[in-house]
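K.L.:
Show me how the following folds:
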Amino acid sequence: MKGKTHLMIGTAAGITLGVNYPLETAIVIIASSVVGSLLPDIDHPKSSFNQKILFIKNKLYKTLIYSSIGTAITYYGSSIDDKLLILLGITLILTGITNHRGFTHSLLGLFLYTYIIKKITIRYDIQGVYIGFVAGYISHLIADFLTKGGIELFYPFKINISSPIKIKSGGFWERFIIKGTSIYSVYILWNHMKIGS
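P.N.:
Next up, the predicted model:
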């Protein structure tokens, strides 16, 4: 699915969770869900995220950048004996060297990225980030599971799985999802504001 679709689904997931929390925490949950919903596509050089940070949008440059950053973080983490930084570095290296819808779209990628986020939120006592990030990340995997391309859920095993019912990227059902999640998000926010007033 397209980045815009993941963004809208992640926003809807964040709003669904966030309305049950105080405003400050709700904003963090929604923002974290949006980030989580976009993050799995950092394995693609032309993803929404990489459009902002990569000067050259191709696979070789993506591999070079993420592997270099991951190696530097791993080295620094080793020098100060910080296991979380080492794990982050290794995760970024894996992100750099794998194909689209591989590692970051797998249970292993989900586990590593959400584990890192959980440890960061505990270390720095940040409320709401973990729950939002997990919701967004899972929403991304489910959405891509529904497409013809599917996902390598059990990476490193190169088995692509997808739903029996497939949604064409850019097709009617994807546009329907964008509109549906937009209406849903506005409805939930509107009802929550009415209840709160």
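
K.L.:
ranges for the helices of this structure?
P.N.:
Listed in chain order, the helices of the chain (DSSP state H) span 3-18, 23-38, 48-53, 59-79, 83-97, 107-124, 129-145, 172-196.

K.L.:
And the fourth one, what's buried?
P.N.:
By neighbour count on 16 or more other C-beta atoms under 10 Å, the buried set for helix 59-79 is 62-63, 65-67, 69-70, 73-74, 77. Glycine gets a C-beta too; all of them are placed from N, C-alpha and C.

K.L.:
Give the other helices and strands that that helix contacts.
P.N.:
Other helices and strands packing on helix 59-79, by 3 or more C-beta pairs under 8 Å, 6 or more residues apart in numbering; DSSP states H and E, are helix 83-97.

K.L.:
List the buried residues of the helix it packs on.
P.N.:
When burial is assessed from 16+ other C-beta under 10 Å, helix 83-97 yields the following buried residues: 85-96.

K.L.:
could I get those as TSV with distance to residue 166 and pLDDT?
P.N.:
Below are the buried residues of helix 83-97 laid out as TSV (distance: C-beta to C-beta, whole Å; pLDDT from 0 to 100):
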residue	distance to residue 166	pLDDT
85	40	98
86	39	98
87	35	98
88	34	98
89	36	98
90	33	98
91	29	98
92	31	98
93	32	98
94	27	97
95	26	97
96	29	96
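
K.L.:
Show me what the least confident helix or strand in the chain by mean pLDDT is in contact with.
P.N.:
None of the helices or strands of the chain scores lower by mean pLDDT, DSSP states H and E than helix 48-53, at a mean of 85. Applying C-beta atoms under 8 Å, 6 or more residues apart in numbering, the set of residues contacting helix 48-53 from outside is 3, 7, 38-39, 41-42, 44, 57, 62, 65.
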